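**Q** have a look; sequence and predicted model below, questions after that.
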Amino acid sequence: MKEPGKTTELFRKILLSIDITFHIVAAFLLLVACGFILFNASLNILEPSRASMIAMINDVLLSLIILELLWTVIRFLKKQKFILAPFLAIGIIAAVRRILLIEAQTSAMAHTPVEKLYEIGLSAVVILILMAAHYLSVKAQKLEEKA
């Protein structure tokens, strides 16, 4: 009869192998998605217009978000220490992307809806908070290295 500890260890190894496999599949799918988005963005150059350039900028920023997520998965697969900076960068890029998109949508309007202005303001506040969090994260990391 097997010892309970050996069964538990075998089960843990199986789960870890499945986890790593899923992370590899997720990384591959993120890469494929990024490739399709960048390909779609490059098609906008063929018919340049205001709308297509806005779509291109939106797609490029979305691909940057996906690449930041990919680097997080790669860090996990390399068994590196978790860091907060990529997630803060993703948040900042997403908020900037939203501001640019709203700005582009409302720039052709005669009157900008107040809701859009609130959304831009909220996104700007989110960026400031994420930048402060990044600053604090870097400071904490430096203090941790000194200790």
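**A** Perfect, thanks for sending it.

**Q** so where is this protein shaky, pLDDT-wise?
**A** Low-confidence segments of the chain (pLDDT under 70): 1-2, 4.

**Q** give me the domain ranges for it.
**A** For the chain, automatic domain parsing gives the domain ranges 1-79, 83-147.

**Q** any chance of these in a markdown table, with mean neighbour count too?
**A** All C-beta atoms are positioned from the backbone trio N, CA, C, and that covers glycine. Conversion of those to a markdown table gives the following (neighbours: other Cβ atoms under 10 Å):
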| stretch | mean neighbour count |
| --- | --- |
| domain 1-79 | 13 |
| domain 83-147 | 14 |
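
**Q** which other residues reach stretch 39-52?
**A** The contact list for stretch 39-52, computed with Cβ atoms under 8 Å, 6 or more residues apart in numbering, reads 53, 55-56, 59-60, 63, 104, 108.

**Q** now it: how far from the chain's centre is it?
**A** Computed by Cα atoms, centre = their mean, to the nearest Å, the separation of stretch 39-52 from the middle of its chain amounts to 23 Å.
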